[in-house]
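K.L.:
sequence? don't have it. structure:
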């Protein structure tokens, strides 16, 4: 069927970019659109937003962290934006990988995740974009929700004035996820005491029917005490503060948005003690980043077939580093054991400004065909970057089918806070540059059944050097570990195919299944190609939720993926000067070994009760129902055998979470 010209607002709302996943009030026509009820129904550890969406194709995370990877790229290459402000490392408990996000799941009304081929509106990120909008209360009656679970407590309040022109939202959370973290496979003698909290507030004013002004604040803080039975003690404290004002105007054919924001983020770590064998290790870190930024976006609908967008942003930043580290190592030289101490220290205060600007258009030269060309400029003075990146996407609709394609260049500058000071690197590097190519086919198989097939290729041609812990995937103080290796790739590449099928039968049953084949690799000097840390070749997700009536809801989530790459230790005999021999370990070929496949089944049952004041939702979650032991590293048993031989046995090491039940309740009044 041939579509006619779209209306003024339909052209704006049309989805042209592939690799999009959305959260809306109601399920939309695009495959992989979630609703609020979908997210609340699925089992999830800690009622966390990032964990809830980590089942989407192309995302990879483990039990310990909410900080997912995007098609083989680390989370730092994803732009996260809340109500118009860009978030920086929006996670609690960073020492365990960022176990929870700093956002309250139940305050988020809309979400868009772009995992590739995104438009010129978004800059300074290589891999993807996550935009989120908080709830805007429109009901006459105020609403308060109070929640409590084994991981923590939360409360939120929404309201409006009688005329509806002023609205507000406040939320607060405090957590003590000791139970979940202690349930992971830690050694005897380990002690961990984490705490976190976050506060968010929004005040919104409809100045005129066409214009809205809002003031926002977000604060997050956490602290941790961790004593490793075989290592030093770590105490840490992290804080994030955001304050911003946002203006939005809709004047029919012309719309605009402006955001003025202040950000302050702090990282404090102190470590002291002895490694196995009695060797000293110490750490002191104080790091801070402050920014002030202004962004302005405009769009103009020239006709029913043309929509133009443009904007600019300016940001000034100031960073501070105060870092000291020392570590003793036992080394064997000329047949004699010696203790050698390595130390790193730096005090730096870099600052600088950055600018970004873009121009894009959405054009419909022919009813079924929509084109979206764009170009972007990003520059800064601390690394002297000046990058121009063209982008192009297209969508072709025919009946129940839609083809989408995207190509573009993307850059990401090294942030003022991202110097590799713990590893002795104090030089800002040139901006990384990536090329995206994405092709997507979507088809409505039946009125309640959608499918999407997508292929992508992302090539990074100017990657920055980075440091990996190539054996131990989880470490509280990674820079002191013996398996830390510096890598200077000449290029990186991620490519794959993703298939997602979803079905919704009224409001009673929702189900989705996805499969992804992916390769994420980097090429080292000399031409050797190795997999990246989260190279996840085969991934399957299956989610389903069933509501036999408005009171009961049952849901399960199952996932499987092939094992992540790791590096083996090799052991050799080395002669001692006084006679005899010692077993020495060296790293084998980087990431040439694979961990066992990962598999996990979770389920949740919920019951709603009508009360005289509001309603009560009670849930029971069971994480890893089958109690599968998913490991994240190997360990080695080494012994001497007759004939001056070594016997080395590799065995499964640290595991992720076992079967873990959790109960909670939310009172909505």
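P.N.:
Nice, thanks for sending it over. Model, not experiment: these values are computed from the prediction.

K.L.:
do you know how far the spatially closest residue to residue 438 that is not a sequence neighbour is from residue 18?
P.N.:
Spatial nearest neighbour of residue 438, chain neighbours left out: residue 117 (4.0 Å); criterion: Cβ to Cβ, 6 or more residues apart in numbering. In this view, the C-beta of every residue, glycine as well, is placed from N, C-alpha and C. Separation of residue 117 from residue 18 (Cβ to Cβ, to the nearest Å): 5 Å.

K.L.:
Overlap of the contact sets of these two?
P.N.:
Among the neighbours of residue 117, those also in contact with residue 18 (Cβ atoms under 8 Å, 6 or more residues apart in numbering) are 393, 406, 438.

K.L.:
can you tell me the helix or strand for the residue lying closest to residue 667 once chain neighbours are set aside?
P.N.:
Residue nearest to residue 667 in three dimensions, not counting chain neighbours: residue 146, with 4.7 Å by Cβ to Cβ, 6+ apart. Assessed by DSSP states H and E, residue 146 sits inside strand 143-149.

K.L.:
Okay, buried residues for that strand please.
P.N.:
The neighbour-count check on strand 143-149 (16 or more other Cβ atoms under 10 Å) flags 143, 145-147, 149 as buried.

K.L.:
Over to stretch 311-324?
P.N.:
Residues of stretch 311-324 classed as buried: 311, 313, 315, 317, 319-323 (neighbour count, 16+ other Cβ under 10 Å).

K.L.:
That stretch - what's its average pLDDT?
P.N.:
Mean pLDDT, computed over stretch 311-324, is 98.

K.L.:
Which residues does it contact?
P.N.:
Applying Cβ under 8 Å, 6+ apart, the external contacts of stretch 311-324 come out as 121, 123, 282-298, 343-358, 416-417, 419, 421-422.

K.L.:
One more: stretch 626-644?
P.N.:
With Cβ under 8 Å, 6+ apart, stretch 626-644 has contacts from 62-63, 185, 471-474, 564, 566, 568-569, 571, 573, 581, 583, 585, 593, 595-596, 598-601, 624, 646-656, 658-659.

K.L.:
Then stretch 649-656?
P.N.:
With Cβ under 8 Å, 6+ apart as the test, stretch 649-656 has contacts from 62-64, 184-186, 472, 474, 568, 596, 629-638.

K.L.:
give me that answer again for 7 Å
P.N.:
Stretch 649-656 has contacts (Cβ atoms under 7 Å, 6 or more residues apart in numbering) with 62-64, 184-185, 474, 629-637.

K.L.:
Just the buried residues out of these, in PyMOL syntax.
P.N.:
In PyMOL syntax, the buried subset of the contacts of stretch 649-656 is picked out as below (16+ other Cβ under 10 Å):
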select buried, resi 62+63+64+184+474+630+631+632+633+634+636
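
K.L.:
on that earlier part again, just give me how far the strand holding residue 146 sits from the chain centre.
P.N.:
Distance, stretch centre to chain centre, for strand 143-149: 26 Å (Cα atoms, centre = their mean, to the nearest Å).

K.L.:
Equivalent analysis for stretch 586-594, please.
P.N.:
With Cα atoms, centre = their mean, you get 26 Å for stretch 586-594.

K.L.:
Now do that stretch: distance from first to last residue.
P.N.:
For stretch 586-594, the first and last residues are 18 Å from each other (Cα to Cα, to the nearest Å).

K.L.:
Rounded mean pLDDT for stretch 483-496, please.
P.N.:
Stretch 483-496 comes out at a mean pLDDT of 96.

K.L.:
same deal with stretch 45-57?
P.N.:
Mean pLDDT, stretch 45-57: 86.

K.L.:
For that stretch, give me every contacting residue.
P.N.:
21, 32, 39, 42, 44, 61, 66, 68, 100-101, 103, 105, 108, 113, 149, 151, 177, 180, 498, 500, 514, 516, 541, 543, 557, 559, 623.

K.L.:
Tell me where the chain has helices.
P.N.:
8-13, 36-41, 49-53, 178-183 (DSSP state H).

K.L.:
Flag whichever of the ones you listed has the least confidence on average.
P.N.:
Lowest mean pLDDT within the helices of the chain: helix 178-183, at a mean of 64.

K.L.:
For residue 274, give me the pLDDT.
P.N.:
For residue 274, the predicted pLDDT is 82.

K.L.:
Equivalent analysis for residue 337, please.
P.N.:
Here, the pLDDT recorded for residue 337 equals 83.

K.L.:
next one: the one 3 residues further on
P.N.:
The per-residue pLDDT reported for residue 340 equals 87.

K.L.:
Also residue 185?
P.N.:
52.

K.L.:
Same check on the one 10 residues further on?
P.N.:
Model confidence at residue 195, given as pLDDT, is 92.

K.L.:
List the residues that contact it.
P.N.:
Residues near residue 195 by Cβ under 7 Å, 6+ apart: 176, 222-223.

K.L.:
ok, and the most crowded of those residues?
P.N.:
Taking other Cβ atoms under 10 Å as the neighbour criterion, residue 222 ranks highest of these with 24 neighbours.

K.L.:
hang on, the earlier thing: the strand holding residue 146 pairs with which strands?
P.N.:
Strand 143-149 has its sheet partners listed here by DSSP bridges as strand 152-160 (antiparallel), strand 660-668 (antiparallel).

K.L.:
Out of these, which is closest to residue 377?
P.N.:
Counting by Cβ to Cβ, residue 377 lies closest to strand 152-160 out of the strands paired with strand 143-149; the figure is 39.4 Å.

K.L.:
what comes up buried for the closest one?
P.N.:
152, 154-160.

K.L.:
From those residues, pick the one nearest residue 255.
P.N.:
Nearest member of the buried residues of strand 152-160 to residue 255, counting by Cβ to Cβ, is residue 160, at 23.1 Å.

K.L.:
what number of residues lie near the closest residue to the closest one other than its chain neighbours?
P.N.:
Of all residues beyond its chain neighbours, the one nearest residue 160 is residue 167 (4.4 Å), with distances taken as Cβ to Cβ, 6+ apart. Residue 167: 20 surrounding residues under other Cβ under 10 Å.

K.L.:
Pull the contacting residues for residue 167.
P.N.:
For residue 167, the contact set (Cβ under 7 Å, 6+ apart) comprises 136-137, 160, 204.
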